[in-house]
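Colleague: Pasting the sequence and the predicted model now:
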Amino acid sequence: MKIVKTIFMILTAVCLFTASDAAFAEKADITWTGCGITRKAFMAECAQAYKKSTGKIIALSGGGAKKGIRDAAAGKADIGGSCRPCLPDLYPKQESGVMMTHVAWDAIVIMVHPANPVIGLTTDQVTKIFKGEIKSWKEIGGENVPITVVTRRGKISGVGYMARKMLFNDRHANFSRFSVNLKSSAPVEKKVESVKNAIGISGVSSARKRKVRLLAIDSVDPTKENIANATYPLFRPLFLMTREPTGDVKDFLDWILSEEGQKVISDQGTVNLEEGRGLVKKFRYWEHTNLIRNYKGR
């Protein structure tokens, strides 16, 4: 009887939460969904600041960069958050007609457990590790133990897509067939937190909040300053995805690109457009640039 009562209470709580969440979304002026890294980089704080400034409510939900892009394209969400560009050449039905508003900069980072003695790698070493060509930490200055490679499932996730482009220059490349393959960036980060021999890839805006060590790449640490001046090599843009913006959506995009909105982004430790103005010409992986709106620095 106790077990039945407990199950009933849990189900009731879930139903109440779902109803409350749906009601909140109904009251929202703008709906946003997508990339957890983008949310952690600036979106949660920007939604709070925008509400304080205008009284407008932005309802946030997760699901990843692919969901952000495709829900925005389909009109299921007003705005999608993404840490990769849309790919209408590969997915014309799901990702066409999306406007990409570039709002900030992030970076791909390589994470290890805090107890791992390795503090940095070269880009070539990282590539060989994730291809499965380097298999022991001893080969790169660590202990004589196997490397546990932890990867994000899917080749078109924000992290998966951009890591393949930057490390392999091939969006179709495969990571090591022996890697531990997890469904999203959060489980990857948690796995690296808990497994001493693990190595994983995530976005700096999310990974820096975990109990992991972020490795220097080519002797450069992934600090905000080093990302902003491009000495850290694996930097990438963050986007808000929409249809042609009008009304409340356009007002919010104008706000986030304003001095006020960009200050909120910078205050989170994320590189804003002004701080990263020199990155535009140095970023090698722009695609479909004709779709990028309010693209500063051009």
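Modeller: Received, thanks.
Colleague: helices and strands around the helix or strand containing residue 238, which ones?
Modeller: Under the criterion of DSSP states H and E, residue 238 resides in strand 235-242. Helices and strands touching strand 235-242, by 3 or more Cβ pairs under 8 Å, 6 or more residues apart in numbering; DSSP states H and E, are helix 36-38, helix 65-74, strand 79-82, strand 99-112, helix 247-256. No exception for glycine: its C-beta is placed from N, CA and C like everyone else's.
Colleague: hey, where'd the helices end up in the stretch 1-150 of the chain?
Modeller: Here the stretch 1-150 of the chain has its helices, by DSSP state H, counting those that start in this stretch, at 2-27, 36-38, 44-54, 65-74, 92-95, 123-131.
Colleague: Which of those helices has the lowest mean pLDDT?
Modeller: Among the helices of the stretch 1-150 of the chain, helix 2-27 carries the lowest mean pLDDT, at a mean of 46.
Colleague: gap between the nearest residue to residue 104 once chain neighbours are set aside and residue 173?
Modeller: Of all residues not flanking residue 104 in the chain, residue 238 sits nearest, at 4.5 Å (Cβ to Cβ, 6 or more residues apart in numbering). Going from residue 238 to residue 173 by Cβ to Cβ, to the nearest Å gives 23 Å.
Colleague: could you list every residue that touches the residue nearest to residue 34 when sequence neighbours are not counted?
Modeller: Nearest non-adjacent residue to residue 34, counting by Cβ to Cβ, 6+ apart: residue 68, 2.1 Å away. Going by Cβ atoms under 8 Å, 6 or more residues apart in numbering, residue 68 touches 33, 34, 35, 38, 77, 80, 81, 82, 241.
Colleague: Could you rerun that using 6 Å?
Modeller: Going by Cβ atoms under 6 Å, 6 or more residues apart in numbering, residue 68 touches 33, 34, 35, 80, 81, 82, 241.
Colleague: neighbours of the residue nearest to residue 104, just the number please.
Modeller: Number of residues near residue 238 (other Cβ atoms under 10 Å) recorded here: 27.
Colleague: quick one: it and residue 38 touch, right?
Modeller: Yes: counting by Cβ atoms under 6 Å, a contact exists between residue 238 and residue 38, whose distance comes to 5.3 Å.
Colleague: Now for these two: what residues contact both?
Modeller: Residues touching both residue 238 and residue 38 (Cβ under 6 Å, 6+ apart) are residue 83.
Colleague: Count residues in the vicinity of residue 28, would you?
Modeller: Neighbour count of residue 28, defined by other Cβ under 10 Å: 17.
Colleague: what's the nearest residue to it if we skip its chain neighbours?
Modeller: The nearest residue in space to residue 28 (Cβ to Cβ, 6+ apart) is residue 59, at 3.6 Å.
Colleague: Run through the strands of the stretch 151-298 of the chain in chain order.
Modeller: 180-182, 198-203, 213-214, 216-217, 235-242, 271-272, 292-293 (DSSP state E, counting those that start in this stretch).
Colleague: Number of residues surrounding the nearest residue to residue 87 once chain neighbours are set aside?
Modeller: Leaving aside its chain neighbours, residue 87 sits nearest to residue 95 (5.3 Å; criterion: Cβ to Cβ, 6+ apart). For residue 95, the count of nearby residues is 22 (other Cβ under 10 Å).
Colleague: need the contact list for residue 95.
Modeller: Contact partners of residue 95, counting by Cβ under 6 Å, 6+ apart, are 69, 73, 86, 87, 88.
Colleague: Over to residue 173?
Modeller: By Cβ under 6 Å, 6+ apart, the contact list for residue 173 reads residue 164.
Colleague: quick one, phi psi at it?
Modeller: Dihedral pair for residue 173: phi -60, psi 150, per degrees, to the nearest 10.
Colleague: ok, now how distant is it from residue 258?
Modeller: Applying Cβ to Cβ, the value for residue 173 to residue 258 is 39 Å.
Colleague: try residue 139
Modeller: Applying Cβ to Cβ, the value for residue 139 to residue 258 is 49 Å.
Colleague: cool, and residue 52?
Modeller: Using Cβ to Cβ, one obtains 15 Å as the distance from residue 52 to residue 258.
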